[in-house]
Every structure is written in structure tokens, then in C-alpha cells.
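Trainee: Quick one, fold the following:
(one chain, ligands or ions: 1)
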Amino acid sequence: MSGFFITFEGIDGCGKTTQAQILMKNFSALNIDHLYVREPGGTTISENIRTLLLDNAHAIMGARTELLLFAAARAQIVDEVITPALQLGKAVICDRYTDSTAAFQGYGRELDYNLIQSAIQLATQGLEPHLTFLFDLDLDTAKQRRNNTGKLDDRLESEEIAFHQRVRKGYLQLARDHAHRFVVIDALKPVETQEKEIWKITQIFAKRAGFELEESR
Ligand code: TYD
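Mentor: Model prediction:
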């Protein structure tokens with residue numbers, strides 16, 4: 001596959017979506033053929049599954065059901081959108097991907113490691129990102145940022161503090177375990193500082209992936 005696959009990860013309220021959109025603008029400015037998608041979502045089927053997953057009315061949802069629904073939403077976006085785009089040589093920016101499952105369902109829900117790996121493999125058929133940005137932030141600041149958006153917390157955001165703490169720690173462990181593709185960003189830094197760091201790192205990883213980041217006309 002000739003494209004370039006970048007994922008953005010972190011706890012809710014870490015600011016990853018802001019940075020993903022800035023990166024998208026940078027790609028647009030250079031006329032780099034790219035695509036921005038979010039998980040769960042990005043296809044009609046996956047967006048419907050997203051609604052099921054995030055609905056506060058579904059507090060009864062079991063951890064295995066949750067894992068399977070995230071996997072189902074992912075299988076669809078991988079087959080319908082991400083793989084075809086990469087095959088066409090595009091850059092794909094994905095707001096959350098498999099590391100969200102490992103962090104939230106693995107570390108957060110404490111589901112068995114092998115179960116998580118099987119669900120990830122089933123959904124992706126082994127498709128891994130070239131580069132993953134992890135936005136690390138303390139829970140209080142993340143909560144404040146979420147409050148500032150004025151949106152009500154969804155089913156996962158409403159989880160207890162201990163859950164979110166496990167997710168944050170889990171992410172940092174994932175970054176150590178997959179150091180070849182993870183870059184940890186200090187999400188307390190000003191947006192412009194993060195943006196510059198992200199652009200520099202993107203250039204390095206693009207080169208490594210054999211992806212042309214020069215202006216294409
Ligand atoms: P997100 O789109 O980041 O939420 P928001 O629209 O509020 O920015 O993510 C939705 C939630 O789903 C988030 O709490 C993380 C969770 N999630 C998982 O638990 N597992 C997964 O595999 C994915 C992709 C997301």
C-alpha cells in the first residue's frame with residue numbers, strides 16, 4: 001500500500017481533534033491528497049454503530065458487546081474507506097483507531113488482552129498506522145476542556161475517574177510497547193507549539209513511509 005496512515009489518540013478532551021484538523025489544513029495547503037475520518041464512524045453503518053455506543057441510555061451495555069461494536073464499526077471503515085484510500089496513495093488521518101480499543105476496552109474495561117488483540121485483528125486484518133500521535137493530558141484539564149465545549153458527556157465520558165485513569169496509563173504503556181510508531185505529545189503545551197512539533201514529526205515519518213510531502217500540483 002502506497003499511502004500514509006496517521007492516527008490521533010488520547011483520553012477524551014485531550015485536544016487531538018483540533019490538531020488532526022490543523023494537520024489536515026496543512027495537507028490541503030500543500031495539495032496533498034488526503035482524507036480525515038473519525039472512529040467510531042466514517043461510514044453510514046459505522047456512524048449508526050457510533051450512536052448505539054455513545055448513547056447514555058445504553059448504560060447496561062456489557063464490555064464484550066462494546067468491544068464487538070467498536071470492532072464492527074472499524075471493520076466497515078477499514079474496508080469501505082481507509083484501505084481503498086491508502087491503495088490510491090492518499091494520506092489518511094484517523095481520529096482514533098485500534099489504540100483506542102486497547103486503551104479503553106483493554107485497560108479501561110480490563111478485558112482480556114488476547115480478546116482485544118483478536119477483535120483488533122478481525123477488524124483491521126492487520127492494517128497498522130505508520131504514525132500515531134498520543135496526546136497526553138491530566139484528567140482534570142481534560143474534563144475542564146470537555147466542559148468548555150458545552151457538550152454533555154456521552155456514555156464513555158460519563159465513566160468514573162478510575163476508568164479514565166486506567167485509560168491514560170494504558171495509552172502511555174501502549175506508546176512504550178509500540179515505540180516505532182508512537183509519538184507522545186504534551187497536550188498542555190500551546191496549540192501552536194504542538195502544531196509545529198506534529199508537522200516536524202509528520203515529515204520525518206512520511207519520508208520513512210516513502211510518502212511524498214512536497215507540494216503536489
Ligand atoms: P470521540 O469521537 O473521540 O468522542 P467525541 O466526539 O466526544 O470527541 O470518541 C468516542 C468515544 O469512544 C471516546 O470516549 C473513546 C471511545 N472509544 C472506545 O472506547 N474504543 C474505541 O475503539 C474507539 C474508537 C473509541
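Trainee: now the residue minimising distance to the centre of the chain, nearest residue through space, not along the chain?
Mentor: Geometric centre of the chain, nearest residue: R96, 1.5 Å, by C-alpha atoms, centre = their mean. The spatial neighbour of R96 that comes closest, neighbours along the chain excluded (C-beta to C-beta, 6 or more residues apart in numbering), is E39 at 4.2 Å. From N, CA and C alone the C-beta is placed, and that goes for glycine too.
Trainee: got it, and V78?
Mentor: T124 (5.5 Å).
Trainee: What residues does that neighbour make contact with?
Mentor: R74, A75, V78, T98 (C-beta atoms under 8 Å, 6 or more residues apart in numbering).
Trainee: Show me what from this structure comes close to the ligand.
Mentor: Neighbours of the ligand within the chain, by C-beta under 6 Å from any ligand atom: 12, 17, 38-40, 70, 96, 100-101, 104-105, 154, 156-157.
Trainee: What about those residues, which are in helices?
Mentor: Taking DSSP state H, the ones among those that sit in helices are T17, F70, S100.
Trainee: Include neighbour count when you put those into TSV, please.
Mentor: Shown next, in TSV, are those (neighbours: other C-beta atoms under 10 Å):
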residue	neighbour count
T17	16
F70	25
S100	26
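Trainee: right, and out of those, which lies closest to E197?
Mentor: Ranked by distance to E197 (C-beta to C-beta), those are led by T17 at 16.8 Å.
Trainee: pLDDT value on that closest one, please?
Mentor: You'll see T17 listed with a pLDDT of 96.
Trainee: do the same with L188
Mentor: Looking at L188, the pLDDT reads 98.
Trainee: Tell me how far the residue nearest to V78 lies from the ligand.
Mentor: 11 Å (C-beta to the nearest ligand atom, to the nearest Å).
Trainee: Just the pLDDT for that residue.
Mentor: pLDDT for T124: 98.
Trainee: Hmm, V167 is touching Y107, no?
Mentor: Yes: counting by C-beta atoms under 8 Å, V167 touches Y107, with 5.8 Å between them.
Trainee: right, and the pair among the residues of the chain next to the ligand with maximum separation?
Mentor: Pairwise distances across these (C-beta to C-beta) peak at 20.5 Å, for the pair T17 and Q105.
Trainee: For G10, which non-adjacent residue is closest in space?
Mentor: Closest residue to G10 apart from its sequence neighbours, by C-beta to C-beta, 6+ apart: F135 at 3.6 Å.
Trainee: Bridge partners for that neighbour, pull those for me.
Mentor: G10, I185 (DSSP bridges).
Trainee: contacting residues for it?
Mentor: The neighbourhood of F135, defined by C-beta under 8 Å, 6+ apart, consists of F8, E9, G10, C14, G15, K16, Q19, I185, A187, Q194.
Trainee: Quick one: buried ones out of those?
Mentor: Listed as buried from the contacts of F135 are F8, E9, G10, C14, G15, K16, Q19, I185, A187, Q194; burial here means 16 or more other C-beta atoms under 10 Å.
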